[in-house]
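Chemist: Prediction below, plus the sequence it came from.
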There are 2 protein chains.
Amino acid sequence: MNAPNRMGNQTIVYRNTPWIAASACAAGPREAQGPLGDRFDLVADTPDFGQESYEQAEVALLREACRICLDKAHVGEKSVQAMLGGDLLNQIMPSSLAARSLRIPFLGMYGACSTMSEGLLVGGLLVDGGYAAPVLCTAGSHYATAERQYRFPLEYGNQRTPASQWTVTGAGVVLLAQQGDAVYGKPLAKLTRGCIGRVVDMGVNDANNMGAAMAPAAAATLCAYFDDTGETPERFDRIITGDLGYVGSELLLEWCGKMGHSLPRERMMDCGLTIYDPGQDSHAGGSGCGCSAVVLSSYILPKLQSGEWQRVLFMATGALLSPTTSQQGETIPGVAHAVVIEGVR
Amino acid sequence: MNAPNRMGNQTIVYRNTPWIAASACAAGPREAQGPLGDRFDLVADTPDFGQESYEQAEVALLREACRICLDKAHVGEKSVQAMLGGDLLNQIMPSSLAARSLRIPFLGMYGACSTMSEGLLVGGLLVDGGYAAPVLCTAGSHYATAERQYRFPLEYGNQRTPASQWTVTGAGVVLLAQQGDAVYGKPLAKLTRGCIGRVVDMGVNDANNMGAAMAPAAAATLCAYFDDTGETPERFDRIITGDLGYVGSELLLEWCGKMGHSLPRERMMDCGLTIYDPGQDSHAGGSGCGCSAVVLSSYILPKLQSGEWQRVLFMATGALLSPTTSQQGETIPGVAHAVVIEGVR
């Protein structure tokens, strides 16, 4: 018996096309100096955002991005029926603490840097199936907290390798509403499909080369989507990856080519290569849950709203590791979830 | 505009009542000595389960529980359209590594010890809405890995406080299928409703008293469910909490009483008070993601299948903390998600 809202092995269909009713993002000072800086809703003057710790700054950025998003949609926290989100920190505490302040029913997600598309995918189910609306999907990260947790505290001043990426300090959030529900204003875009990724491991064990670890998973999800739907890459104005960076973006083209799907370079975009200026010395590009979330909110959704783009595939990419697994000699699997986002005519 | 499969503020309705087609659990030697020990599908002879580390043992227990469950349903890994799961370790690595072996599209969940009901709730959406089926929902934990991560490595031999609980070494998994899909054999039970919990914090800051930290969140979800649906506790053969233990179970009665919902003590059950014998010196009871998952699989579902119980509310309960938040002086919020599970006549 086939599920009715299903195509092939991994792809789901949102027949009721949930609307992206509103979106907002908040980011740190380094991100504000990048090419998208003037599009952010809120910029922290300092990395600690006036809080007692970087961890609390991460909480505050996420919480404030949520509040700005709800303000834009003229909706109170009490009216939001679910919040889905995650981050990179142990036990996704920043998201949990933000959910504590907002008092919105909360489903914690973890997909490393793939969390923004995982949240959209699952949030889309809640809205599309008529289980809850509106629903808030969130993701955030912070450079200082991620370095301290996964590698070394910044105070050690350790040297970064060329393939390393720079974790984005920032949070992006999206409010999903039922199609046609105009109380939140004109929608920015709509969700039409999703593709749940598999955990793929090609044996990369360099915790400073996330792009290489994630590229095979990204290729697997992308090829699964094309195989499931019979679509070609040309159906999209952009195929957008989360944070493959310079290294992973090249590897994605190689992997997909080997799997029989040639990707048109001019339609490819990586959020990690969009958020910083090459002169900002971020090595292989930006990364972190917040990277794709901030670029989605500040750059991708506005292009869909304006009509410059009609249809994009948004696929945040995650590297699944912890200091414990790295120290115990595990290799680094990746995962990537995709959603198809289209303009609302 | 109200969502159609919705009741009140937090409750969702599964109109297509997804079937629990199969279930399995695997646990450690200490759990096997408890009152449910002879009902487990697999018992590890030693806490390391023949693996190189306790972390790898946790992965192996979860992976094997999944394989046994799929065997029971006569379904291959390739036919499973999604796996939803989580655990207590940083970056939910055991679940991610099990998903790597199984190659099933994977959505990572994090709700601390509430993960089993969170996974059922979201997995239920996938099946009920016709987005994917069958779907595997999983949760697991390990005493030695949890102690090492949240408190101290066992080798330190530190003394346990009276309110502390014993993290269950074990994993429980459930296969959800579309209603009426008989290819997996006779169903064990069905899902009819879910209630998404809010993050609630009453200021508990003792990392050795999880029951007190979780009880307010459990009370909030339970009272929200009763308020949303107009049901009374008498509608259930059992109201089952995940791991409140002796301390939290008493507090739940108190909190609910204060909130206007008197709970009948004889219908209450806590998985943390079911899995060990009082003589096993587990202090305030069992805990961990695996606690409610193992008890669900080995004790609750068989009672629904046999007809001894017709309808239960299953609410796993999570304490949201990490060593970082504890060290930085944060209090410990809790979260609890509930699903209503009924027998199939």
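Modeler: Sure thing, it's come through.

Chemist: show me where pLDDT drops low in chain A?
Modeler: Counting by pLDDT under 70, the ranges of chain A that qualify are A:1-2.

Chemist: Now do residue A:261 against chain B, distance only.
Modeler: According to Cβ to the nearest Cβ, to the nearest Å, residue A:261 and chain B sit 18 Å apart. For the C-beta atoms, the positions are set from N, CA and C on the backbone; glycine is no exception.

Chemist: That residue contacts residue A:233, correct?
Modeler: Yes. The criterion here is Cβ atoms under 8 Å, and residue A:261 meets it with residue A:233 at 7.1 Å.

Chemist: what touches both of these two?
Modeler: When contacts are counted by Cβ atoms under 8 Å, 6 or more residues apart in numbering or on different chains, residue A:261 and residue A:233 are jointly contacted by residue A:226.

Chemist: Against which helices or strands is the host helix or strand of residue A:337 packed?
Modeler: Element membership for residue A:337 (DSSP states H and E) is strand A:334-342. Other helices and strands packing on strand A:334-342, by 3 or more Cβ pairs under 8 Å, 6 or more residues apart in numbering or on different chains; DSSP states H and E, are helix A:115-128, strand A:189-195, helix A:210-229, helix A:301-306, strand A:311-319, strand B:106-108.

Chemist: Contact partners for the residue most central in space within chain A?
Modeler: In chain A, the residue lying closest to the centroid (Cα atoms, centre = their mean) is residue A:116, at 3.3 Å. Residues in contact with residue A:116 (Cβ under 8 Å, 6+ apart) are A:137, A:139, A:172, A:242, A:289, A:292-293, A:296, A:316.

Chemist: Next: residue A:283.
Modeler: By Cβ under 8 Å, 6+ apart, residue A:283 lies in contact with A:160-166, A:245.

Chemist: got the residues of the stretch 151-300 of chain A near chain B?
Modeler: Contact residues (Cβ under 8 Å from any Cβ of the partner chain) of the stretch 151-300 of chain A with chain B: A:178, A:180-181, A:183, A:196-201.

Chemist: For burial, what's the neighbour tally of the nearest residue to residue A:15 once chain neighbours are set aside?
Modeler: Spatial nearest neighbour of residue A:15, excluding adjacent residues (Cβ to Cβ, 6 or more residues apart in numbering or on different chains): residue A:5 at 6.0 Å. By other Cβ atoms under 10 Å in any protein chain shown, the residues close to residue A:5 number 21.

Chemist: Do I have it right that residue A:5 meets residue A:16?
Modeler: No. Using Cβ under 8 Å, residue A:5 is not in contact with residue A:16; the gap is 9.5 Å.

Chemist: list the residues that contact both of those two?
Modeler: Common neighbours of residue A:5 and residue A:16, counting by Cβ under 8 Å, 6+ apart, are residue A:128.

Chemist: how close does residue A:35 get to residue A:299?
Modeler: Residue A:35 sits 9 Å away from residue A:299, going by Cβ to Cβ, to the nearest Å.

Chemist: whoops, I mixed them up, residue A:178
Modeler: 26 Å.

Chemist: Those two: which is more packed in?
Modeler: Shown here are residue A:178 and residue A:299; by other Cβ under 10 Å, residue A:178 has more neighbours (22 against 18).

Chemist: got the contact list for the more buried one?
Modeler: Residue A:178 touches A:16, A:18-19, A:127, A:130, A:133-134, B:1, B:3, counting by Cβ under 8 Å, 6+ apart.

Chemist: Are stretch A:39-53 and chain B in contact anywhere?
Modeler: Yes. On the criterion Cβ under 8 Å from any Cβ, stretch A:39-53 is in touch with chain B at A:52-53.

Chemist: so residue A:51 touches residue A:61, yeah?
Modeler: No. Contact between residue A:51 and residue A:61 fails when scored by Cβ under 8 Å: they sit 9.3 Å apart.

Chemist: more neighbours, the two?
Modeler: Neighbour tally, residue A:51 and residue A:61, criterion other Cβ under 10 Å: the higher count belongs to residue A:61, 30 against 16.

Chemist: so the more buried one, which of the three states?
Modeler: Classification of residue A:61 by DSSP: H, G, I helix; E, B strand; the rest coil places it in helix.
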